[in-house]
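K.L.:
Mind looking at a prediction? Sequence and model below.
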Amino acid sequence: MTSPVVLAAGVPGSVSAAITDLAGRPVVLVEVDPSTRRGALDADAGATLALAADAALDARLPLVGVVASSGADVHAGVAALHGWGTAARSFARCSGVVPILIAVTGPTLSGPALLLGMADVVVMTEAASAYVVGPGAVASFTGEQVEPLSLGGPGVHTAQTGVAAAVTDDEDGALELLASVLAHLPDHCDAEPPTWPTSDPLDRLTPEAGDVLPASTSGSYDVLDVARAVADEGEVLELWGAWAPNLVTALATVGGRAVGIVANQPLALAGSIDISASQKGARFVGLCDAFNVPLLTLVDTSGFFPGKDREWRGMIRHGAQLVAAYARATVPRICVVLRKAYGGAYIVMDSKTMGNDLCLAWPTAELAVMGARQAAGVLHRRAGPEVRAAKEAEYAATLLNPWTAAERGYVDAVIHPADTRRAVVNGLEMLRSKREDLPRRAHDNLPL
């Protein structure tokens, strides 16, 4: 595109929109200018936001926003609220049809902040903040004095809430990162993701992937090292890295094809799954499934993280989000069990019974209800230490291995770690033409 096509050019206010290029990709770019009434949204501004979203939907182009807004314009009264509501409805119509990517560059309050929760990927700058209810109202209602950055700064939204996938220094850096995300996504849900040229051999061996495993089964390692070994040129774009670090979500290419990687991270909580990890994984799986990005799941989890607090906060309901996301996903799905795969958490991590297309396991994989020590303690709790130790060794030898699962069809192949990249490349090629017929219904009612 040689020059931008400006939309609603004559409409005054804080919002502008245009069809333009982002790193060579045509997008609908909508910007909220904080220099105009601090980015306040009146009825016209809300209408321009809605127009941009509608244009993205009609043209089947990604919707990219640059946002800094003080919320609804008080001077405009209730019309400003209706303008924002119109924009929110148009954003909702875009969801799952075209990618929605937003860069937050300054304070973003109230209704505009809720738009961030409707985006697929949000990046914040160091100067940004976002909250629905500001420090003044917090102090008035609760008596607690809180600063804007501690209420909704980039540190809060990357590590605590998961609203932001990453933080950059400035707007240029934010748009550059969003362009990198977009490079892995298609323009719309009916298109395939772009393919990348690569000189990385498709049959490259990956002995370094297996080398990262420690000698002790309770030792930790960085699962990103395994992901980098499989990915083209070792390049992995991790998103939401500071939020729920016990689960990795990342974009990469394998054999030139975009993939979404979901992996348990043994460096945090031993790779167990808690509420935030389930939410994070479910959101990412949904993103990949919406835009035809195959999923590669790397499994090493000891189970769901226990605790009264987590159960009271809804571990059942939130844990089901990851179950639902995988169960409804129709994109090609490859699962590789690296080490521990215990209990319900193993099933949740895209096991064969959850519907994956190809389940691979390393020889170090342990697929079972629980570890050998825990199993011996449950099954032989009245026996003496020597008997329990013998039963623990027997359990480990007979059940904690991938071949037992392979005999029952729960694992398609046991592979050497050095063959992981080659096996994934072959699997993606085999699944290239995968298509599924979806049931005729408005939508499911599984947990949000």
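P.N.:
Here it is on my side, so go on.
K.L.:
need the next SSE after whichever strand or helix holds A130, C-terminal direction.
P.N.:
For A130, the host element (DSSP states H and E) is strand 129-131. Stepping forward along the backbone from strand 129-131, the first helix or strand reached (DSSP H and E) is helix 135-142.
K.L.:
how distant is that next one from the center of its chain?
P.N.:
When C-alpha coordinates are averaged (C-alpha atoms, centre = their mean, to the nearest Å), helix 135-142 and its chain have centres 32 Å apart.
K.L.:
Tell me which residue lies nearest the centroid of this protein.
P.N.:
Most central residue of the chain, judged by C-alpha distance to the mean C-alpha position with C-alpha atoms, centre = their mean, is F284 at 2.6 Å.
K.L.:
list the contacts for it?
P.N.:
L239, W240, T249, G260, V262 (C-beta atoms under 8 Å, 6 or more residues apart in numbering). No exception for glycine: its C-beta is placed from N, CA and C like everyone else's.
K.L.:
And the average pLDDT for the helix or strand hosting it is what?
P.N.:
Element membership of F284, judged by DSSP H and E, is helix 275-290. Taken as a whole, helix 275-290 has a mean pLDDT of 96.
K.L.:
P193 is in contact with A258, correct?
P.N.:
Yes: between A258 and P193 there is a contact under C-beta atoms under 8 Å: 4.0 Å.
K.L.:
Overlap in contacts, these two.
P.N.:
Applying C-beta under 8 Å, 6+ apart, one finds that A258 and P193 are jointly contacted by H184, L185, V293.
K.L.:
Closest one of these to G344?
P.N.:
Within the set of the shared contacts of A258 and P193, V293 lies nearest G344; the separation is 25.9 Å, counting by C-beta to C-beta.
K.L.:
Run a quick neighbour tally on that closest one.
P.N.:
Number of residues near V293 (other C-beta atoms under 10 Å) recorded here: 23.
K.L.:
what about it, which SS state?
P.N.:
Taking DSSP: H, G, I helix; E, B strand; the rest coil as the rule, one finds V293 in the coil state.
K.L.:
what's the answer for the one 5 residues further on, then?
P.N.:
The local conformation at L298, judged by three-state DSSP, is strand.
K.L.:
list the contacts for it?
P.N.:
Residues near L298 by C-beta under 8 Å, 6+ apart: V223, V226, A227, V248, I261, V262, A263, N264, V336, L338.
K.L.:
Bridged to E238, which residues?
P.N.:
A250 (DSSP bridges).
K.L.:
Show the pLDDT at it.
P.N.:
The predicted structure scores E238 at 98 on the pLDDT scale.
K.L.:
Offset the numbering so it begins at 402, please.
P.N.:
In the new numbering, first residue 402, that becomes E639.
K.L.:
Kindly provide the distance from it to N802.
P.N.:
Distance of E639 to N802, computed by C-beta to C-beta, to the nearest Å: 31 Å.
K.L.:
Equivalent analysis for Q722, please.
P.N.:
As judged by C-beta to C-beta, Q722 and N802 stand 31 Å apart.
K.L.:
Comparing the two, which shows the higher neighbour count?
P.N.:
In terms of neighbours (other C-beta under 10 Å), Q722 is the more surrounded of Q722 and N802; the figures are 23 against 18.
K.L.:
tell me the pLDDT at that one?
P.N.:
Here the pLDDT value assigned to Q722 is 93.
K.L.:
ok, how many other residues are close to the closest residue to it other than its chain neighbours?
P.N.:
Closest residue to Q722 in three dimensions, ignoring its sequence neighbours and counting by C-beta to C-beta, 6 or more residues apart in numbering: A683, at 3.9 Å. Around A683 sit 24 other residues, with neighbours defined as other C-beta under 10 Å.
K.L.:
State the distance from A683 to V557.
P.N.:
Applying C-beta to C-beta, the value for A683 to V557 is 21 Å.
K.L.:
Also S673?
P.N.:
Relative to V557, S673 is positioned 24 Å away (C-beta to C-beta).
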